[in-house]
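1. Predicted structure and sequence below. I'll ask about it afterward.
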Amino acid sequence: MKQFIFLCLLTLGGGLGGLIHPFWAVLLYYILAVLRPQFLWEWALPMEVRWSLIAAVIVLLTVAVNFPRLFRRGRLNATASLMMVYGMLVMTSVVTAYDPGVAQSWAVDFVKVMLIALIATFIIEHLWQVRVVIVATAMCLGYIAYEINYLYMFQNARLDVFHYGYGGLDNNGAGLMLAMGLPLAYALAMTPGRDARLLWARRFVAVGIALVLIQAIMLTYSRGAMLAGIVGLLWLAWRHRPRRHVLVITPIVVVVLFSLAGDEIREEFLSTRQYRQDKSAQSRFESWNAAWQITWEHPVFGAGLRNSNTYSHNYGADRSGRTIHNQYLQIAADSGIPAALAYLALLGWSIVRLGAARKAALHVAAECQSTPNDDDPDSDSSAVAARQLTEAQYLCLAVQSSLIIFAFDGIFLSLETFELPWLMLVVAGVLPGVIDRRIAALRQPQQEELEDSRNRFSFPMPQPRLLENPT
């Protein structure tokens, strides 16, 4: 009963906060979409309620109330534009689908996910909002991982996440969701703060979240999630600055991974080398080949949203209704090659744009740190700007790494309506603009000061005297 009361209070708070600013309603939606309480606390909730759907309605209502203000201040970024292009192409495939019933049933969730993502790109506009979203998501994923570990350690080694998955996802999807949380725990640990005690407390919490996430990923026995998580951690290690942190932390992470992974998990992970004898791997190859054939038979609009599952068996898949198990081939077979290219452009642009924004933030933060105010560094605007840009570059790296994990594991999974990567894409579209505006605001006083100094040391040019006409 206490879980139901908590969810009611959380929903009420998000709705009331959304009347003040729709950001709080968007945050409520993504907390519930990631947490999925109807699956997490199914045994405690008195009725089956789609909490994220309720939150989506709240978002639409609060947007309607605040629409004039949002319309004046809203910014359309490249990520939102690519989202709209991709969404229109997918919805076209719903209209032209061979089995309209299947396509329309999937279109309901697709429209909800895309609509809230587009709204969020217009609502989230400040660095503190990005920080709150990242922290809230990391805490939700950490709690899910805690519940998975609790069932395993204190409930007779229950492996519900392996046998039943989580929140409508199978064990592979649950493993990917947890793996995407590792970079968010990194962001929570690395973002700077003025209070040293609060900073170390936050780092202690972040380390705890990372540990339970790693253990929970292993309990899913998802080889794709394990491999994608390693790829993401390697990316973090390669791009992290300063380098001395990597030299200290990397050996610790390696020791933790080997100590938490038992013999069964190591054998499961290493079994990827025998993919020719692995029935699971072979079934994926067969479904990929089926998707490839469907794509080239219907290259423009595809067979229809999620219609390729219906016909994959006719093209060589091992059974009827087989999912393609590849995000990119699934989109191409369902919605056509243009939709797949739009999706790849959306994902690739977000990753590249985050890298460019991070590089700019690092450069300007270094400039600000080189010109501190010796009298009171904490009150100096340059020091504050350096701290904000340093935090922003860590957030960029974390979101970029999380998207790389999703992009890599997307080779083995089909998760078009999975909310977490869409949330990361929203942040990827917003965060570079936040950094650009912060840098522009920092440059503007310097430019005005330079113009004032030029005017101060410039002399007026003498005006030529007009000679009177002697006549």
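-> On my side now, so go ahead.
2. what sits against Ala290?
-> If you count contacts by Cβ atoms under 8 Å, 6 or more residues apart in numbering, Ala290 has them with 308, 311-317, 322, 324, 333. C-beta: built from backbone N, CA, C; applies to glycine.
3. From Arg36, how far out is it?
-> Ala290 sits 30 Å away from Arg36, going by Cβ to Cβ, to the nearest Å.
4. Worst mean pLDDT across the helices and strands of this protein, which element?
-> Lowest mean confidence among the helices and strands of the chain (mean pLDDT, DSSP states H and E): helix 263-270, at a mean of 64.
5. just how off-centre is whichever helix or strand comes after it within its chain?
-> For helix 263-270, the succeeding helix or strand toward the C-terminus, using DSSP states H and E, is helix 279-297. Centroid separation between helix 279-297 and its chain, computed with Cα atoms, centre = their mean, to the nearest Å, is 28 Å.
6. State the mean pLDDT of helix 279-297.
-> The average pLDDT for helix 279-297 rounds to 88.
7. Also stretch 73-80?
-> 83.
8. tell me which residues of it are tucked away?
-> The neighbour-count check on stretch 73-80 (16 or more other Cβ atoms under 10 Å) flags 77, 79-80 as buried.
9. what does that stretch rub up against?
-> 118, 121-122, 125, 346, 349-350, 353, 425-426, 428-430, 432-433.
10. Could you list which of these belong to strands?
-> Of the positions in the contacts of stretch 73-80, not one sits in strands, assigned by DSSP state E.
11. Of those, just say which sits nearest to His21.
-> Nearest to His21 among these, counting by Cβ to Cβ, is Glu125 at 10.2 Å.
12. Can you give me the neighbour number for the closest one?
-> Residues lying near Glu125 (other Cβ atoms under 10 Å) number 17.
13. how about stretch 309-322: buried residues?
-> Buried residues in stretch 309-322 (16+ other Cβ under 10 Å): 309-313, 315, 317, 322.
14. what about the stretch 101-250 of the chain, any weak spots by pLDDT?
-> Along the stretch 101-250 of the chain, segments meeting pLDDT under 70 span 193-196.
15. Please flag which of the contacts of Ala290 sit within helices.
-> 308, 311, 333 (DSSP state H).
16. Turn these into a markdown table, including pLDDT and distance to Thr96.
-> Listed next are the ones in helices among the contacts of Ala290 as a markdown table, based on pLDDT from 0 to 100; distance: Cβ to Cβ, whole Å:
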| residue | pLDDT | distance to Thr96 |
| --- | --- | --- |
| Ser308 | 92 | 13 |
| Tyr311 | 89 | 15 |
| Ala333 | 95 | 13 |
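17. Columns distance to Gly17 on top of these, output as TSV?
-> Listed next are these as TSV, based on distance: Cβ to Cβ, whole Å:
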residue	distance to Gly17
Ser308	41
Tyr311	46
Ala333	42
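18. now, among these, which is nearest to Arg158?
-> Ser308 (34.8 Å).
19. Quick check: the one residue sitting closest to the centre of the chain vs Phe4, distance?
-> Taking Cα atoms, centre = their mean as the criterion, Met424 is the residue nearest the geometric centre of the chain, at 1.7 Å. Distance, Met424 to Phe4, by Cβ to Cβ: 30 Å.
20. Likewise for Asp160?
-> Relative to Phe4, and taking Cβ to Cβ, Asp160 is found at 21 Å.
21. now do Tyr152
-> From Tyr152 to Phe4 the distance is 26 Å (Cβ to Cβ).
22. Same question for Arg306.
-> From Arg306 across to Phe4, the span is 33 Å (Cβ to Cβ).
23. More neighbours: those two, which one.
-> Shown here are Arg306 and Phe4; by other Cβ under 10 Å, Arg306 has more neighbours (26 against 15).
24. wait, what's in contact with that one?
-> Listed by Cβ under 8 Å, 6+ apart, the contact partners of Arg306 are 102-103, 106, 334.
25. Compare those and tell me which is most surrounded.
-> Asp334 leads these on contacts (other Cβ under 10 Å) with 32 neighbours.
26. OK, contacts around the closest residue to Ala228 other than its chain neighbours?
-> Closest residue in space to Ala228, ignoring its immediate chain neighbours: Asp409 at 3.8 Å, by Cβ to Cβ, 6 or more residues apart in numbering. Residues near Asp409 by Cβ under 8 Å, 6+ apart: 172, 176, 179, 224-225, 227-228.
27. Touching, Trp24 and Leu12? I think so.
-> No: between Trp24 and Leu12 there is no contact under Cβ atoms under 8 Å: 11.3 Å.
28. quick one: which of the two has more around it?
-> Set Trp24 next to Leu12 and count neighbours by other Cβ under 10 Å: Trp24 wins out with 22 against 12.
29. What is the neighbour count of Cys8?
-> Residues lying near Cys8 (other Cβ under 10 Å) number 11.
30. same check, this time on the one 10 residues further on
-> Residues contacting Gly18 under the criterion other Cβ under 10 Å number 25.
31. What helix or strand is it located in?
-> When elements are assigned from DSSP H and E, Gly18 belongs to helix 2-20.
32. Can I get that helix as CSV, trimmed to CA atoms?
-> Extracted in CSV, the C-alpha atoms of helix 2-20 (Å, rounded to 0.1, in the frame of the first residue of the first chain):
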residue,chain,number,x,y,z
LYS,A,2,2.9,2.4,0.7
GLN,A,3,4.1,2.0,-2.9
PHE,A,4,0.7,3.0,-4.1
ILE,A,5,0.6,6.1,-1.8
PHE,A,6,4.1,7.0,-3.0
LEU,A,7,3.1,6.9,-6.6
CYS,A,8,0.0,8.9,-6.0
LEU,A,9,2.0,11.6,-4.2
LEU,A,10,4.7,11.6,-6.9
THR,A,11,2.1,11.9,-9.6
LEU,A,12,0.3,14.7,-7.7
GLY,A,13,3.6,16.6,-7.1
GLY,A,14,4.6,16.3,-10.8
GLY,A,15,1.2,17.5,-11.9
LEU,A,16,1.2,20.5,-9.6
GLY,A,17,4.8,21.3,-10.4
GLY,A,18,3.9,21.1,-14.1
LEU,A,19,1.4,23.9,-13.7
ILE,A,20,4.3,26.1,-12.7
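33. what's it packed up against?
-> Here helix 2-20 touches helix 23-35, helix 51-65, going by 3 or more Cβ pairs under 8 Å, 6 or more residues apart in numbering; DSSP states H and E.
34. Tell me what angle that helix forms with helix 51-65.
-> Helix 2-20 and helix 51-65 are oriented at 20 degrees to each other (axes from the mean of the first three to the mean of the last three Cα atoms, to 10 degrees).
35. What residues does the residue nearest to Leu395 when sequence neighbours are not counted make contact with?
-> Using Cβ to Cβ, 6+ apart and skipping residues adjacent in sequence, the residue nearest Leu395 is Ala187, 5.4 Å away. Counting by Cβ under 8 Å, 6+ apart, Ala187 makes contact with 134, 138, 394-395, 397-399.
36. Now for the residues you listed: which two are most distant?
-> For the contacts of Ala187, and using Cβ to Cβ, no pair is farther apart than Ala138 and Leu397, which are 14.3 Å apart.
37. Over to His298: give its phi and psi.
-> In terms of degrees, to the nearest 10, the main-chain angles of His298 are phi -130, psi 70.
38. That one contacts Gly336, doesn't it?
-> Yes: His298 is within contact range of Gly336, at 6.8 Å (criterion: Cβ under 8 Å).
39. what residues do the two have in common as contacts?
-> With Cβ under 8 Å, 6+ apart applied, the contact sets of His298 and Gly336 do not overlap.
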